[in-house]
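Enquirer: my questions concern the predicted model and sequence given below.
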Amino acid sequence: MVPTEALAYRAASQPERYNYAIVRGFTVMALVWGVSAMVVGIYLAAELIWPILNLDLPGLTFGRLRPVHTTLAIFGFCGSLLFAASYYVAQRTCQERLAGTLLPLVTFWGWQAFVLLGVVSELLGYTQARKYAEFEWPLDVLVVMVWLAYLWVYTATLYRRSQPPLYVANWFFLACLLGMALLYVLENLVVPVDVLGMKSYSEFAGVQSAMVQWWYGHNVITFLLNMAFLGMMYYFLPKQVGRPLYSYRLSIIHFWSLVFLSVWAAPNHLNWTALPDWTVTLGVTFSVMLVLPSFAGVINGLMTISGAWHTLRTDPVLRFFVAALLFYGWVTLEGVTMSFQTINALSHCTDWTVGHAHFATLGWVSMMSFGVIYHLVPRLWDTKLYSVRLVALHFWVALFSVVLLAAALEIAGIGQALRLRTTDEYGNLVYSFMETDAFLTVPYLLRGLGGSLFLVGALVMVYNLVITVVRAQRKRAATEARIAAKLAVKGLRPREG
Amino acid sequence: MKHEWIETHTSHFLILTLLVISIGGLVEIVPLFLIKNTVETVAGVRPYTPLELLGSNIYQREGCYLCHSQMIRPLQEEWLRYGHYSLAAESQFDHPFLWGARRIGPDLARVGGKYSNTWHIQHITAPRSLVSRSRMPNYLWLKDRPLQYSDIEAHLRALVRAGVPYSENQEQYDKNVALFGKDVANRLVISRARENLLAQVAGNADGNVVSPTEMDALVAYLQILGTLVDFKKYDEGYFARFR
């Protein structure tokens, strides 16, 4: 008799066919960094309401803490999830184990070290004073090396595949990998003051430095927050509904138009500045064209579900994907609107921009992430989610709080901007700066509330996932113990794995 | 060409993607270095003195740029609130630019000369002692912390490599005299950096010899923001030509 349990045991003790350990590691770290990013974000929001919270400690002042928030969110959370998802998708779509044994680990530890050191150095005041590129040059060297290792592991895995076509999701991950490498290196061309010190000066100055910075800043969003997460959408959404992708052709159009057009929209961040007009005009033109690929993506995603809409009622995980896509569409339209000169004159430098960014990062990126994580965790630990009802609860809390938070910010921005431009009948300004600032009181409280609720939702998720994993591990340990006992009775010893 | 040709060969895919990504950046960035009109020709703008430079570094270190912009836009209400719109020329020596993207506090592009040094010191140390509802943090420690300036020459030399005309030799010095006048050229000599720094601190403190603090540097920096160009010398049409 070959008991099925013994077979199961043997399967479990064999080395895994796929390298899931690395995917598990990155998924856990994505959660850790994600929750930290939210906590820091809420603290920053509170500092703006109650400045006493700066506590007169250099590391806690708003100016030092703000880059920590974006570092944790972009590089910690999104970055780790990108590694997890791309490693998983590459293995599944190529049906091959991840290439290398040591290098994947180098990417894991290297990336975590980068995020941690990045945060610590920002708290200590080391900064290049450029958004999403605050890290001083020694950290740049580290992250570029990690990224090259990533590029190797990922493409080497793709090269192992026996089926020639490369699945769509991988196109997006590849573009993200390449794009980020190009952007990061150019943005960080600096002259160090001393090879033994941290401080450096940018190669570029003034208007050129501004353009390079926003070419980088805008496209970190394009590649790390859009491309990467569209890659996830193209794999996980069809899997979650259990239907094939709606249109392969549409995904070709989506991909190439997006990689080409996105890069051009960078000057929108410099509307009305000393950047020459021709550059801004190009930026606005291309951002209008960007509506096309964005909607190609939204349609491709939503039409994949078409015919199975009823699953939305029973499967709350799918709801995260749908909400994310709708936010993606909305953010694109809003972004185009904000690039127009007249609107931009109002929105620039106000909380409207911050609200827009949160529609993108919480509405699109986080909703997509949550869907992906809920999909991944049961598969990585070979089990079922502990509670589907908690997933549903998380969904509604997250949806409500994103809208509350981002809408509060946009109202804050528009309200303050309108006061800033109000003049009386003689053409004099009506409000002093602090009088325009007074408008922010209520919206800022609502924003803080929205952020806190979003965190509560995320904690519900973490709780759900922890119980899921703990139960899976207990069950597995129990099965193994039972088998070992049975084999011991028969005088056999389990085969060494 | 069929899409298959691209997606079945990983290398084709990689190369093509890289090309497509690069185009936008090339077209929008490279001309900014080549077209001469990108930065206005205007008298008065000069590199920072050693003290101001270290002040700018403290401004960056504390993340002031995250709450304050330094870019006045050509809009009526900004003109009324902050003054003449910012020129590209005014940040031509900023490595990197500090235009900012969010105004939790007011724009600072022309804050130079608006308040006294004493006001700034009081305000930066305890903003709410002057503006009761200010959201700005207290920076208590800046006025006590000694300024680190022992490696100032290395800073200036790094900037020379990035293209800022501090002078290391007679030739560059003569050029600076022609460009900025003798007074300014003297303040840009690398070998005299420490001397110049101390002299500027003493000057700001009405001749009292003091050991420079981080606050001295920061305030010296704030006080020259937006003050270098004399706009009375130019009519409006002049700057419009460069846009």
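Expert: Yep, that arrived.
Enquirer: next, count neighbours for the closest residue to chain A within chain B.
Expert: Nearest residue of chain B to chain A, counting by C-beta to the nearest C-beta: B:G63, 2.3 Å away. For every residue, glycine as well, the C-beta is placed using N, CA and C. Using other C-beta atoms under 10 Å in any protein chain shown, B:G63 has 22 other residues around it.
Enquirer: name the nearest residue to it, sequence neighbours excluded.
Expert: Excluding its sequence neighbours, the residue lying closest to B:G63 (C-beta to C-beta, 6 or more residues apart in numbering or on different chains) is A:G63, at 2.3 Å.
Enquirer: now do A:V35
Expert: A:A458 (5.8 Å).
Enquirer: the one you found: what's it in contact with?
Expert: A:34-35, A:38, A:370, A:394, A:398 (C-beta atoms under 8 Å, 6 or more residues apart in numbering or on different chains).
Enquirer: can you do 10 Å?
Expert: A:31, A:34-35, A:37-39, A:366, A:369-370, A:394, A:397-398, A:401 (C-beta atoms under 10 Å, 6 or more residues apart in numbering or on different chains).
Enquirer: so what's the residue nearest the centre of chain A closest to, chain neighbours aside?
Expert: With distances taken as C-alpha atoms, centre = their mean, the residue of chain A nearest its centroid is A:C78 (3.0 Å). Closest residue in space to A:C78, ignoring its immediate chain neighbours: A:L224 at 5.7 Å, by C-beta to C-beta, 6+ apart.
Enquirer: surely that neighbour touches A:G79?
Expert: Yes - assessed by C-beta atoms under 10 Å, A:L224 is found in contact with A:G79 at 7.0 Å.
Enquirer: which residues do those two both contact?
Expert: Residues touching both A:L224 and A:G79 (C-beta under 10 Å, 6+ apart) are A:M180.
Enquirer: which of these two has more neighbours?
Expert: Between A:L224 and A:G79, counted using other C-beta under 10 Å, the more crowded position is A:G79 (28 against 21).
Enquirer: got a pLDDT number for A:D424?
Expert: A:D424 is assigned 95 on the pLDDT scale.
Enquirer: so what's it up against?
Expert: Neighbouring residues of A:D424 by C-beta under 10 Å, 6+ apart: A:V430.
Enquirer: ok, it to chain B distance?
Expert: 11 Å (C-beta to the nearest C-beta, to the nearest Å).
Enquirer: helices along chain B, start to end?
Expert: Per DSSP state H, chain B carries helices over the ranges B:3-7, B:10-34, B:50-61, B:76-82, B:117-125, B:152-161, B:170-180, B:182-187, B:193-204, B:214-224, B:236-240.
Enquirer: in TSV, list those helices along with distance to chain A and mean neighbour count.
Expert: Shown next, in TSV, are those (distance: least, C-beta to the nearest C-beta, whole Å; neighbours: other C-beta atoms under 10 Å in any protein chain shown):
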stretch	distance to chain A	mean neighbour count
helix B:3-7	5	14
helix B:10-34	3	16
helix B:50-61	4	24
helix B:76-82	4	16
helix B:117-125	10	16
helix B:152-161	4	19
helix B:170-180	16	14
helix B:182-187	18	15
helix B:193-204	13	17
helix B:214-224	11	24
helix B:236-240	10	11
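Enquirer: only alpha carbons, please: show stretch A:167-184 as PDB.
Expert: The C-alpha coordinates for stretch A:167-184 follow below in PDB (Å, rounded to 0.1, in the frame of the first residue of the first chain):
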ATOM      1  CA  TYR A 167       3.300  36.100 -22.200                       C
ATOM      2  CA  VAL A 168       2.000  39.800 -22.100                       C
ATOM      3  CA  ALA A 169       2.600  40.300 -18.400                       C
ATOM      4  CA  ASN A 170       6.300  39.700 -18.900                       C
ATOM      5  CA  TRP A 171       6.500  42.500 -21.500                       C
ATOM      6  CA  PHE A 172       5.400  45.000 -18.900                       C
ATOM      7  CA  PHE A 173       7.800  43.700 -16.300                       C
ATOM      8  CA  LEU A 174      10.700  43.800 -18.800                       C
ATOM      9  CA  ALA A 175       9.800  47.400 -19.800                       C
ATOM     10  CA  CYS A 176       9.800  48.300 -16.100                       C
ATOM     11  CA  LEU A 177      13.200  46.700 -15.500                       C
ATOM     12  CA  LEU A 178      14.700  48.500 -18.500                       C
ATOM     13  CA  GLY A 179      13.000  51.800 -18.000                       C
ATOM     14  CA  MET A 180      14.000  52.100 -14.300                       C
ATOM     15  CA  ALA A 181      17.600  51.200 -15.100                       C
ATOM     16  CA  LEU A 182      17.900  53.900 -17.700                       C
ATOM     17  CA  LEU A 183      16.100  56.500 -15.600                       C
ATOM     18  CA  TYR A 184      17.900  55.800 -12.500                       C
END
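Enquirer: so how far is it off the chain centroid?
Expert: Here stretch A:167-184 is found 14 Å from its chain centre; the criterion is C-alpha atoms, centre = their mean, to the nearest Å.
Enquirer: does it come close to chain B?
Expert: Yes - Stretch A:167-184 is in contact with chain B by C-beta under 10 Å from any C-beta of the partner chain, via A:167-168, A:170-171, A:174-175, A:177-179, A:181-183.
Enquirer: highest neighbour count among these?
Expert: The most crowded member of the residues of stretch A:167-184 next to chain B, judged by other C-beta under 10 Å, is A:A175 (28 neighbours).
Enquirer: looks like that residue contacts B:T17 (just checking).
Expert: Yes - A:A175 lies in contact with B:T17 (C-beta under 10 Å); the separation is 5.2 Å.
Enquirer: what do those two both touch?
Expert: Taking C-beta under 10 Å, 6+ apart as the criterion, A:A175 and B:T17 both touch A:255-256, A:259.
Enquirer: just those that are near chain B?
Expert: Okay, of the shared contacts of A:A175 and B:T17 touching chain B (C-beta under 10 Å from any C-beta), that's A:255-256, A:259.
Enquirer: I'd like the residues you listed as JSON lines, with secondary structure and neighbour count appended.
Expert: Listed next are these as JSON lines, based on DSSP: H, G, I helix; E, B strand; the rest coil; neighbours: other C-beta atoms under 10 Å in any protein chain shown:
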{"residue": "A:F255", "secondary structure": "helix", "neighbour count": "25"}
{"residue": "A:W256", "secondary structure": "helix", "neighbour count": "18"}
{"residue": "A:V259", "secondary structure": "helix", "neighbour count": "27"}
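Enquirer: now do the contacts for B:E171.
Expert: Here B:E171 is in contact with no residue (C-beta under 10 Å, 6+ apart).
Enquirer: so for it, what's the pLDDT?
Expert: pLDDT, B:E171: 96.
Enquirer: with the one 4 residues further on instead?
Expert: As summarised for this prediction, B:K175 has a pLDDT of 97.
Enquirer: nearest residue to B:D216 in space, ignoring adjacent ones along the chain?
Expert: B:V201 (5.1 Å).
Enquirer: that neighbour touches B:P212, doesn't it?
Expert: Yes - in terms of C-beta under 10 Å, B:V201 counts as a neighbour of B:P212; the distance is 4.3 Å.
Enquirer: can you check which residues contact both of these two?
Expert: Residues touching both B:V201 and B:P212 by C-beta under 10 Å, 6+ apart: B:51, B:147, B:149, B:220.
Enquirer: now those as CSV including pLDDT?
Expert: Formatted as CSV, the shared contacts of B:V201 and B:P212 follow (pLDDT from 0 to 100):
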residue, pLDDT
B:L51, 97
B:L147, 96
B:Y149, 96
B:A220, 97
